Structures are given as C-alpha cells and as structure tokens.
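Student: sequence-free structure coming up:
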C-alpha cells in the first residue's frame, strides 16, 4: 500500500454525526466507564492482521476525569491534532513501524473553517507495533511507544516537555476509528494509567488518497468549510 492508493475516510455521518466535532462531543457525553467498556469490547487485533489507519488522522480527546477535562482545553494540549503514520511496514504484522504527532494552534477552534484548523507541525515520534498482551486487560492491542521521542517545546508555558515515558494501547472500536488508553512510566518498575483516552480516525485527501501531511486532510469534515 502507498499514499496514492484509494483512501476510505472514517464516516461520522454513518453514526448520525455531520462531522468530527459532533462525533467527539457525543463520545465526550459518555462516562469513563462506557468508554473503557467500548475499548474492552472492541475486536482484538491479530499478529498478522495489519493496521487499519494510514497516513495522517483526525483525533478526539476523551474522558470525563478532571485530567481529561483539562487536556481538552487547547492551551493545555498544545493543539495536539492527531498522528501521521509512516509508510514502512513490519513485514510480519503489517503494522506501520512508526508515527509522528501533529500540533496545530487552531485545531480545537470550532468557529474557524477547516482550512484554518488543520495546518500543523509534526513532532514527537513513536514506534508502532502489535502486542499480544496489553497492560489494560492482558489481551492483544497495538502499542504506540514514545520511548524514543524527543522533548517538545511548549510555547505557552515556555518550557520543554518530556514525552518519552508515554505508551498508548489502541483498538479499533469502529471501522476506521481507533480508541486508545494512555500509560506512563512512573519509575523504573512502575507504569501507571493516565485517566485520559483518545480516538483517532482515518482522514483522506480531497481526491481520495491518503494524506501524507496535516494540511492534506480534507475528509471527513472536522467542523465546517
């Protein structure tokens, strides 16, 4: 598979939502228990079954914990705007070998048209791979391992943030929609779950191929044109 191949975007309208913003609002009306249940009941990935997302994605930040409510505020999440997956694949699992995170200052500003919201810079790499036993329930998942990520600069707080202790455990809860649980290394022998979840959804270009840059994401609509 290559970027010029045909891309099928996640379709919020199939779930009675006109755009990504509306879907995210619905997910955020759910309790943490309901979100965890959705993640736990998702089909389990297999060791050779590949990975459902390609190129650059859209995202939602989920959860009703105090930490999640704080994280959804743009001044606190640095405009985190989703993830872009690379085009190198593990030949056994079919999973992309890595990703990079996107950060755009206007991503959460729903009053702006999509063309002003989607531009973003790319920072903070992570390895991507299949795991047979997740930390959450001991069942298979995909892991995003930020262990090798560089520090990222927070322009609001004027400080460097260390992100290399984070790991995400992902499952596909709907076709083209992945939900993740976040874990952080709290010490040499300690890993704790962060009470925030997130979702990633397949985005595509206007001409129906896979987006290789943040600005190329045209479908589904984030908010409005």
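Tutor: Received the coordinates, thanks. If you're wondering where the values come from, they're calculated on a predicted model, not measured in any experiment.

Student: please make it C-alpha for all contacts and neighbour counts, starting now.
Tutor: Noted.

Student: residue closest to the middle of the chain?
Tutor: residue 200 (3.7 Å; Cα atoms, centre = their mean).

Student: wasn't that one part of a strand?
Tutor: Yes - secondary structure of residue 200 (DSSP: H, G, I helix; E, B strand; the rest coil): part of a strand.

Student: against residue 181, how distant is it?
Tutor: In this view, residue 200 and residue 181 are 12 Å apart by Cα to Cα, to the nearest Å.

Student: same check on residue 144?
Tutor: Distance from residue 144 to residue 181, by Cα to Cα: 10 Å.

Student: need the overlap of contacts for the two.
Tutor: Taking Cα atoms under 8 Å, 6 or more residues apart in numbering as the criterion, residue 144 and residue 181 both touch 168, 169, 170.

Student: what's the local residue count around the last one?
Tutor: Applying other Cα atoms under 10 Å, we find 26 residues neighbouring residue 170.

Student: OK, contacts around the nearest residue to it once chain neighbours are set aside?
Tutor: In space, and not counting its chain neighbours, residue 170 is closest to residue 180: 4.3 Å by Cα to Cα, 6 or more residues apart in numbering. Listed by Cα under 8 Å, 6+ apart, the contact partners of residue 180 are 39, 168, 169, 170, 171, 197, 198, 199.

Student: mind listing what the first one touches?
Tutor: Right, the one you point to is residue 39. The contact partners of residue 39, by Cα under 8 Å, 6+ apart, come to 171, 172, 173, 179, 180.

Student: buried subset of those residues?
Tutor: 171, 172, 173, 179, 180 (16 or more other Cα atoms under 10 Å).

Student: which residues touch the strand or helix carrying the second one?
Tutor: What that stands for is residue 172. According to DSSP states H and E, residue 172 maps onto strand 166-174. Strand 166-174 has contacts (Cα under 8 Å, 6+ apart) with 38-39, 41-45, 52, 134, 141-147, 178-185.

Student: what's the mean pLDDT across stretch 108-118?
Tutor: Model confidence over stretch 108-118, given as mean pLDDT, is 96.
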